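Visitor: 3D model of this:
(chains A and B)
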Amino acid sequence: MTREEIFEGLNEVFRDVFDDEDITVGETTTAADIEDWDSLEHINLVVAVERHFGMKFSMGEVTGMKDVGAMADIIEERVK
Amino acid sequence: MKALEYPFDSQWILKKKKSIKRTLLSENRDFIKKKIAVLGGSTTHDIVKVLELFLLDQGIQAEFYESEYNQYYQDAMFPNETLKNFQPDFIYLHTTNRNITAYPVIGESDDETKERLEGEYRRFEAMWERLEDLYHCPVIQNNFEFPSYRLLGNQDAAILQGRVSFLNQLNGRLAAYARSHAHFYILDLQYLSARCGLDAWADPFYWYMYKYALAVPFIPELSFEISKIIKSILGKNKKGLALDLDNTLWGGVVGDDGPEQLAIGQEIPEGQAYTEFQQYLKELKGLGILLNVNSKNEPENALAGLRHPDGLLKPEDFIVIKANWEPKNENLLAMARELNLLPESLVFVDDNPAERSLVREQLPGVAVPELTSPETAVRLLDRSGFFEVTGLSADDLKRSEMYRENARRTKLQAAFADYGEYLVSLEMEAEIGRFSPIYLARIAQLTNKSNQFNLTTRRYTLSGIEAAAADKEQLTLCGRLKDKFGDNGVVSVVIGRIRGKVLHLELWLMSCRVLKRQMEDAMLDTLVERSKGLGIEELRGYYYPTAKNAMVREFYKTQGFTKISEADNGDTIWSLDLTKPYKKRNQVIKVVQEDDERRNF
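Guide: Predicted coordinates:
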């Protein structure tokens, strides 16, 4: 899966979870950039991303993710 | 909404919850508004968000109070102004085995373990009692799911110090409390987690990361169960089933194959599956669920199929049998009319996707479960919770009988040329009086489920009804009607508020199963008599239109009231002058007015 495809998938998930068709995430997008992205919504995001890509994050990965780029790195690594 | 019907895609619901909420709210239904306090021993955020969706889907718009993280005990036990001002209609206690304060220790004596169990139970019991005292509303309490590990292996269930044993006993105590307290309901987390799969349910990832005591993907399963209990308490259960026959109640097509060729009974695997389904339906009938047939068949073939010697359901188990070639949506409407029910009180069960889709599109309120194979039919109906039990009243248990009596009345009616003669022949007797304790639960239930003959559609909780009964400023009446075919139970409720010499009628409702029996006249006669006794000089009636109560728009006019105002939204206000002579309206019902001494009815 190319990085482009991963971001396409991520955009789809973000738009569903935050119910906003205009969201486009990039490498450096963080929770500060999206209004409803708080710690409680974060769990939904993680679960939806896991479902979309058919993989699971470890606890360390979830706590260590600084931005969407880091999330994409893990997905890229896991879904080859 | 189909996405919220069992079997639903939990993760899809979680992901799309915002847009689902938007869609549900845009449907502009007449939502019942309720307040729900969720007191959690772990994170409850998404449980509440998803519960909101399932309730909206049932026509209930909820406002929530959510305790701070793990503050369930403090919120219940100590003064809390916010919660007090919130005035919850329901309280849900989301505790789990994570909230057990002290599990038994291996090596302690059995007596010490028993004392520990007692202590743990008392802590919960004290909360329930406090909540009952303060809020007087239904409390829904999780029981405990099994522990995720067993130090004593299989013997964890047998040795008193085992956690499995400990939680089982605690659950037994919770159940005993539920049996003896009417406002208290168990949410069977033990069953739910088992059926979802305990290992996946208790995935500790979600506990360590977010302090959820269950895996997030299962949250919709839990929220769905909470919503079932709440909608059931609010009288929103379905009342009956409209069942297809061929390939739904038996395998094969009776008209083509002949009754002897049908798959039913113990001979073949498919036949066993249909037999078990019939057994389940028969058990539902025992709970008061009305069974009906909606089948494309010649009537004699349908009956021949139902008389199959290996079938458990017989023609006499059904109230209405529609076996013809009319479209099934029209049959369903006709069936609802004959039963005096709204179509949305029915569940349509059919193996044919085209028929399901037709009914789904033509009659949006009717539940249409996705029946895909005979061996999963029982599970499909069972999990859907259409008939969630939150209290079995004597009326529930004999409902089928009451409806059958109604069907006999209809037949009798056809035999009389004159309707008045027919009414006289029913030998009706009504008991009308102020609210008395034995009827309060039924009265509250009626206020929540009567939609058609309901002038103000004001909903009451049990505590609201208790308050009205005790209030000197309010005049309450409930009426019970029986006739030679049977007892209809409590069928009409009136609540008036006394302001000076005027009685304001805040509630007037009647069950549609006694329409056109002069019961409304008998109620008015009693109301007038009692009002006069209190020195009241005017009755003032209010009609607030809803999508469902058009049948009573002119009710007060029919009863001799005069319209005194009409608002743009259709609200009307009516007046009946009691200083003028009043002629009794009811001619056919013998009325017994007894408030303190109940007759043996």
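Visitor: For chain B, which residues are neighbours of chain A?
Guide: B:11, B:14-19, B:22, B:43, B:45-46, B:205-206, B:208-210, B:212, B:216-217 (C-beta under 8 Å from any C-beta of the partner chain). Any C-beta I mention is one placed from the backbone N, CA and C, and that applies to glycine too.
Visitor: which residues in the stretch 301-450 of chain B form helices?
Guide: B:328-339, B:353-362, B:377-384, B:394-397, B:399-415, B:419-425, B:440-449 (DSSP state H, counting those that start in this stretch).
Visitor: Now for the residue of chain A found nearest chain B, how many residues are close by?
Guide: Proximity of chain A to chain B (C-beta to the nearest C-beta) peaks at A:D19, 3.4 Å away. Close neighbours of A:D19, defined as other C-beta atoms under 10 Å in any protein chain shown, add up to 16.
Visitor: A:T2 too?
Guide: With other C-beta under 10 Å as criterion, A:T2 counts 8.
Visitor: Show the contacting residues for the residue of chain A closest to chain B.
Guide: Listed by C-beta atoms under 8 Å, 6 or more residues apart in numbering or on different chains, the contact partners of A:D19 are B:K16, B:K18, B:S19, B:R22.
Visitor: where does chain A come near chain B, residue by residue?
Guide: For chain A, the residues in contact with chain B (C-beta under 8 Å from any C-beta) are A:13, A:16-19, A:39-40, A:43-44, A:47-48, A:51, A:59, A:62-63.
Visitor: Let's see if you can find the most crowded of these.
Guide: A:V17 (26 neighbours).
Visitor: ok, now which ones touch that residue?
Guide: A:V17 is in contact with A:E41, A:N44, A:L45, A:A48, B:K15, B:K18, counting by C-beta under 8 Å, 6+ apart.
Visitor: Okay, and which of the residues of chain B next to chain A map to helices?
Guide: With DSSP state H as the criterion, helices contain B:11, B:14-15, B:17-19, B:22, B:45-46, B:205-206, B:208-210 from among those.
Visitor: Please pick the buried ones from the residues you listed.
Guide: Taking 16 or more other C-beta atoms under 10 Å in any protein chain shown as the criterion, what is buried in these is B:Q11, B:L14, B:K15, B:K17, B:K18, B:H45, B:D46, B:F205, B:Y206, B:M209, B:Y210.
Visitor: Just flag the most distant two among those.
Guide: Pairwise distances across those peak at 24.1 Å for B:K18 and B:F205 (criterion: C-beta to C-beta).
Visitor: and the residue of the stretch 501-601 of chain B found nearest chain A, how many residues sit next to it?
Guide: Per C-beta to the nearest C-beta, B:A547 is where the stretch 501-601 of chain B lies closest to chain A, at 28.1 Å. Neighbourhood size, B:A547 [other C-beta under 10 Å]: 10.
Visitor: which residues touch the closest residue to it other than its chain neighbours?
Guide: Computed as C-beta to C-beta, 6 or more residues apart in numbering or on different chains, the closest residue to B:A547 that is not its neighbour in sequence is B:D30, at 5.7 Å. Contact analysis of B:D30 by C-beta under 8 Å, 6+ apart lists B:G59, B:T457, B:T546, B:A547, B:K548.
Visitor: Which pLDDT value belongs to B:L381?
Guide: If you check B:L381, the pLDDT there is 97.
Visitor: cool, B:E326 as well?
Guide: Confidence for B:E326, expressed as pLDDT, is 92.
Visitor: give me the number of residues near it?
Guide: By other C-beta under 10 Å, neighbour count at B:E326 equals 13.
Visitor: what's the longest helix in chain B?
Guide: helix B:110-135.
Visitor: okay, the following helix or strand past that helix in CSV with CA atoms only?
Guide: Once helix B:110-135 ends, the next helix or strand along the chain (criterion: DSSP states H and E) is strand B:139-142. What follows is strand B:139-142, C-alpha atoms only, in CSV (Å, rounded to 0.1, in the frame of the first residue of the first chain):
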residue,chain,number,x,y,z
VAL,B,139,-32.4,2.4,38.5
ILE,B,140,-30.6,0.1,36.0
GLN,B,141,-27.7,-1.7,37.5
ASN,B,142,-25.1,-3.9,35.7
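Visitor: Please state the offset of the helix or strand following strand B:139-142 from the chain centre?
Guide: Per DSSP H and E, strand B:139-142 leads on to helix B:163-180 as the next helix or strand towards the C-terminus. When distances are taken as C-alpha atoms, centre = their mean, to the nearest Å, helix B:163-180 is centred 25 Å away from the chain's centroid.
Visitor: pLDDT of helix B:163-180, averaged?
Guide: Averaged over helix B:163-180, pLDDT sits at 96.
Visitor: Equivalent analysis for stretch B:83-91, please.
Guide: If you average the pLDDT values across stretch B:83-91, you get 96.
Visitor: For it, which outside residues touch it?
Guide: B:34-39, B:65, B:75, B:131, B:134-135, B:137-140, B:230, B:233, B:461.
Visitor: Endpoints of it, how far apart?
Guide: Stretch B:83-91 has an end-to-end distance of 10 Å (criterion: C-alpha to C-alpha, to the nearest Å).
Visitor: Of all the residues in it, which ones are buried?
Guide: So, applying 16+ other C-beta under 10 Å, buried residues of stretch B:83-91: B:L83, B:F86, B:P88, B:D89, B:F90, B:I91.
Visitor: Stretch A:45-55 now?
Guide: A:L45, A:V46, A:V47, A:A48, A:V49, A:E50, A:R51, A:H52, A:F53.
Visitor: so what's the second one up against?
Guide: A:V46 makes contacts with A:F57, A:V62, as judged by C-beta under 8 Å, 6+ apart.
Visitor: The closest residue to B:K398 other than its chain neighbours: neighbour count?
Guide: Closest residue to B:K398 apart from its sequence neighbours, by C-beta to C-beta, 6+ apart: B:G288 at 7.1 Å. B:G288 has 23 neighbours, counted by other C-beta under 10 Å.
Visitor: same check, this time on the one 5 residues further on
Guide: Other residues within reach of B:V293 by the criterion other C-beta under 10 Å amount to 28.
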